Structure formats: structure tokens, C-alpha cells
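Q: Compute the structure for the input listed below.
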Amino acid sequence: MNRCPCGTQLSYENCCQPLHDGKAIAQSPAQLMRSRYCAFVKQQSAYIYLTHSPETRHSVSVESINEWNSQCDWCGLQLVTSTNDTLLHQVEFIAWYQQAGKLNYHHELSQFLNEPLDDAFAKHLQEPKDKNNEKVWYYASATYPDRKIALPKRNDECICNSGQKFKKCCG
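A: Numbering: from 1, shown residues only. Prediction:
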């Protein structure tokens, strides 16, 4: 079984693919963030765009997502923290990628909103939903912690969650 790129123990078919295909919606900010990372890996730019809050979609396009994503080779995801209380919906994560042969990371603290389903996202869903009664999670904004992340050492567990040492896998 090939595990889902988002880092769970599930297969892609049983994890993020139903969200990408419009057969399911994310049930939490952490699940949405994982599915968005996986969408980068699987080059599902339309899904990334649709899961932006309708209020922020004007700042991004499918083309701009494709352009940036085409420069990256995604290696692995680390979920640092996830907060989902009545006021604060945040996920802190580190996404590892290679660009021009060099290992880099994207460290982000993302904010999520649970809002009414909008027309664009509703069209993506295979099973019609009642837009007036359905709320879904959307990516709203991000901040970038000013903290240096140590690159993995040769004998560390690999960032891709393969279970192998970094030097034998992505290193």
C-alpha cells in the first residue's frame, strides 16, 4: 500500500483522494491542511484554489499555484500543532521540498474558517449539498513563524515518513 503523502497511515485512496475528487469534505482544519499539502504533491491546484476562503481567493489563481508548485518536489509534511476550539482554528506545519536540488522547508501557521459552502466549492462536490445549511472548512490566512528549522541529519528518520533513515531515502 502506498501511504497518502499527507503523512497518515492510510492510502491516498482512503485519505485525501475523496476530498480532492469532491466525494467528501474536510471535517477539521488539520484534515483540510493535510489535504491541501497532498494536493500540492498530486498537482491538484484547483482543489487548493477552491479551499481558499471565498474572501481570499482574489489573491491567488490556479495558474499562480501551478507556477509555484512546478518548481517544487515535495518530500514530506510535519504537523507541529493543531488548535480547533470555538475561537481559534490554526494548524502549524512544516512542509519539506526540494527546489533546484536543494532541500528547503515551508513553515506556516495557517488560520482556517468554518463558513457556508460557496457556489464554486459546491460545484466541485459530486453529491449536491444544501448551501444554506452546509458549512465547510476553508483556508483563510497564514503567518510564518520566525524560527529556524534544523535540516534533518543523516541518521534522522526521513522527512517523507518512510520509516527509513534520511541518508537512505530523501537525503
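Q: now the chain, which segments are flagged as low pLDDT?
A: 1, 85-87, 128-133 (pLDDT under 70).
Q: Where is the longest strand in it?
A: The single longest strand within the chain, with elements called by DSSP state E, is strand 102-116.
Q: Give the pairing partners of that one; include direction for each.
A: If you go by DSSP bridges, strand 102-116 pairs up with strand 89-99 (antiparallel), strand 135-143 (antiparallel).
Q: Now do the longest one: everything it contacts.
A: Strand 89-99 is contacted by residues 29-30, 33, 37, 40, 71-83, 103-114, 137, 145, 149, 159-160, 170 when judged by C-beta atoms under 8 Å, 6 or more residues apart in numbering. C-beta coordinates here come from the backbone N, C-alpha and C atoms, glycine included.
Q: Distance from it to the middle of the chain?
A: In terms of C-alpha atoms, centre = their mean, to the nearest Å, the centre of strand 89-99 is set 8 Å apart from its chain centre.
Q: Same question for stretch 67-86.
A: With C-alpha atoms, centre = their mean, you get 5 Å for stretch 67-86.
Q: now stretch 26-45
A: The answer for stretch 26-45 is 3 Å, by C-alpha atoms, centre = their mean.
Q: How about it, which residues are buried there?
A: Of the residues in stretch 26-45, those buried by neighbour count under the rule 16 or more other C-beta atoms under 10 Å are 26, 29-42, 44-45.
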